[in-house]
Structures are given as C-alpha cells and as structure tokens.
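*Asks:* build me a model:
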Amino acid sequence: MNKYVVPLSIAGTVIGGMVLAKDYVTGGNCPSTATVSGKTIIITGANTGIGKESARELARRGGRIILACRNMEKCEAAAREIRGETLNHHVYARHLDLASLKSVREFAKKVTEEEENINILINNAAIMRCPHWQTEDGFEMQFGVNHLGHFLLTNLLLEKLKNCGKSRIINVSSLAHVVGEIDFDDLNWEKRKYNTKAAYCQSKLANVLFTKELAKRLVGSDVTVNAVHPGVTNTELGRHTGMYKSSFSSSVLGPLFFLLVKSPKQGAQPSVYLSVAEELEGVSGKYFDTMKQKDPAPQAADEKTSKQLWETSARLVGLEDNNATMPR
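*Replies:* Okay, the predicted model is just below:
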C-alpha cells in the first residue's frame, strides 16, 4: 500500500496546484458576502451560462430575481431550478427578445407596472459571431442584440432605477472591445463584406461606450453603471464558433483551456461582484476586467464617439433624445 502513497501525494499536489492556478488566472470568487435581500434584480439572458449562474448566486443572497429571456421554456425551467436549489421563491421568468424593439418595450412596460422597485439591472444577454442575420427591425444581429436592445431597455427602466435610491446597472462587455471599431457609416454591414468577428467586437465596444456616456448622463442621480469583461467562459455564447468542440481544442489545448477558460459559475463572479460589493457604491462609468478596474481601450474612452453612438442609437430605436436620460 505504501508504494501508492508517493504517487498519490504527487498527483494530489499537481491537481491542487492546477486548481489554485486556475482560481488565480480566472480571478477567483466574488470576495463580497453582501446580501441583496428585498432588492429586485433583472438579468437578461438568464436561462443559461453566466446569466443563469448570476441569477442563482443573487437568489442565494436573497434577491428578487427576474430572468429576462427569449426562450420561455428554458427560462421557466431555469427559474424552477433556481427556486428549488436556493429555496428562494422570488425567482420569476419573463419574456424578452432583445432582437425585437417591440418585445423590449413590452417587457419594460410590464415590469414597470408590476414592480415597485428595480434595484439592479444586469445587461448580460449576447450573441457572438453568428451568420449575417438581422433583427426583427433590420439591424445587424450582434449590434442589435448586444447593444441596441440593451440600450433601449436600460433607458426605458431608468426612472424605476432612479426612484428606488441607490441602484446599479452592469453591462457585460468583453475584452474583444479592444479591437472593436464603430463604423457609423455602415453599422449594419450593408456596404462591406460581413465579418462575424469584427461585428462582435463592434458590439462589445459599443457596450463600453454606452457605459461611459450613460454614467455622464446619470451624474447627480444615485444610479451607477459599469461595464465588465467576465473572462473567457465556456458557455453557449460560442456555439457559432465551435471553439470548444474541435478535436484539436479538446486534445491539444485541453490543459490550457482548463486553466484559462472559466466555468459559467466562475464567469458569473464579476457580475455578482459589481452587483453587491459595498466598496463599489458610487463607482460609475468604469470598466472592469473580471473584478479589477482597468482602463478600457483608447477608442472606448473617446467622448466624441460615445456621444455620437448615444445619439445614433437613440434615433435607431425610436427614443427621442429628450426622453433619453440627460445630465441633471
């Protein structure tokens, strides 16, 4: 029996070291133990991946959770699962299709009428590197869902967020924004050959620019807004890329993926942190790489671009600028 002690000890040390290394590389767990009892939290795209795990953790912390999803069958199943696991019965499924401005308006109207408060809004839903699809309203799908849908949703819910005192908006972006460019002459890729990667990066840059401009317009209110890169996470977001399905990825890059690619639970930690951390009270307009505040790419800090994107987005979604949030 003794001949197995040393090999088992070495194996245990190696495995333990890999787990610690992964925890370090991927940012670890949310360090805050703060609860959100009595707070209403809306999470888009919460039937799977990072959104679902964010909902699970915030439900565990006592929040009143609204899962806002396109697929209601999966949304209802996720809500039941989270209610059963956390014993928090205040987890609800609501229909929201971010590829439809009509759906966004209907969702916002319904929750505004039904909910007394909205304390936290996590704009999490996204689509990545899909074919050249269009939204119901004719927008390029990635820009339409990742940016325009959330832009309209956020503006329509702002009064509720403002009226309940200190509230937070979290925009889930991506490190991909660093190579993004906003082409105001061809946002919908009608004049150029469609590039799925460039379109995704454009939409993620738009998330950060939107965050910067919204923070400026919320000065004087008790609402904060921040953008976050959650880290590379193994979720359904990559279903159009096949990045986790190839034999090369699974065999040759397997050990590297283990260290660098997060589980959905790990990927949810930054969103949870921005939602609950007491030390972030009053922090707004910032970009976080996992749970560390960092400077975004230079093009994401350009005030002229963020203002132009806001005005263009407001026009595209039919939100008159005098109805969009303005500086107080």
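
*Asks:* could you find the closest non-adjacent residue to R105?
*Replies:* L156 (6.7 Å; CB to CB, 6 or more residues apart in numbering). For glycine as for every other residue, the C-beta is placed from the backbone atoms N, C-alpha and C.

*Asks:* can you tell me how far the one you found is from L148?
*Replies:* Distance, L156 to L148, by CB to CB, to the nearest Å: 13 Å.

*Asks:* so which of the two has more stuff around it?
*Replies:* The neighbour count for L156 versus L148, taken as other CB atoms under 10 Å, is higher for L148 (26 against 20).

*Asks:* is it correct that the more buried one is in contact with G318?
*Replies:* No: with contact defined as CB atoms under 8 Å, L148 does not count as touching G318 (10.6 Å).

*Asks:* low-confidence stretches in the stretch 151-300 of the chain?
*Replies:* Within the stretch 151-300 of the chain, the set of residues satisfying pLDDT under 70 comprises 233-260.

*Asks:* got the buried residues for the particular helix or strand that has K160 in it?
*Replies:* Counting by DSSP states H and E, the element that carries K160 is helix 150-163. By neighbour count with 16 or more other CB atoms under 10 Å, helix 150-163 contains the buried residues 150-158, 160-162.

*Asks:* residues near the nearest residue to V179 once chain neighbours are set aside, how many?
*Replies:* Ranked by CB to CB, 6+ apart and with sequence neighbours excluded, the top spatial neighbour of V179 is C201, at 5.2 Å. As a burial measure, the neighbour count of C201 was computed by other CB under 10 Å and equals 21.

*Asks:* cool, and L87?
*Replies:* Residues contacting L87 under the criterion other CB under 10 Å number 9.

*Asks:* what do you get for R80?
*Replies:* 12.

*Asks:* gap between it and A55?
*Replies:* As for R80, its distance to A55 is 12 Å (criterion: CB to CB).

*Asks:* pick the one among the buried residues of helix 150-163 closest to G49.
*Replies:* G49 lies nearest to H150 out of the buried residues of helix 150-163, by CB to CB, at 16.2 Å.

*Asks:* sticking with the closest residue to D185 other than its chain neighbours, tell me its helix or strand.
*Replies:* Taking CB to CB, 6+ apart as the measure, D185 lies nearest to K191, with 7.2 Å between them; neighbours along the chain are not counted. Counting by DSSP H and E, no helix or strand carries K191.

*Asks:* and K191, its phi and psi?
*Replies:* Here is the backbone geometry of K191 (degrees, to the nearest 10): phi -110, psi -10.

*Asks:* then S167?
*Replies:* Given degrees, to the nearest 10, the pair of backbone angles that S167 has is phi -140, psi 170.

*Asks:* give me phi/psi at W189?
*Replies:* Listed backbone geometry of W189 is phi 60, psi 50, with angles given as degrees, to the nearest 10.

*Asks:* sounds good, over and out.
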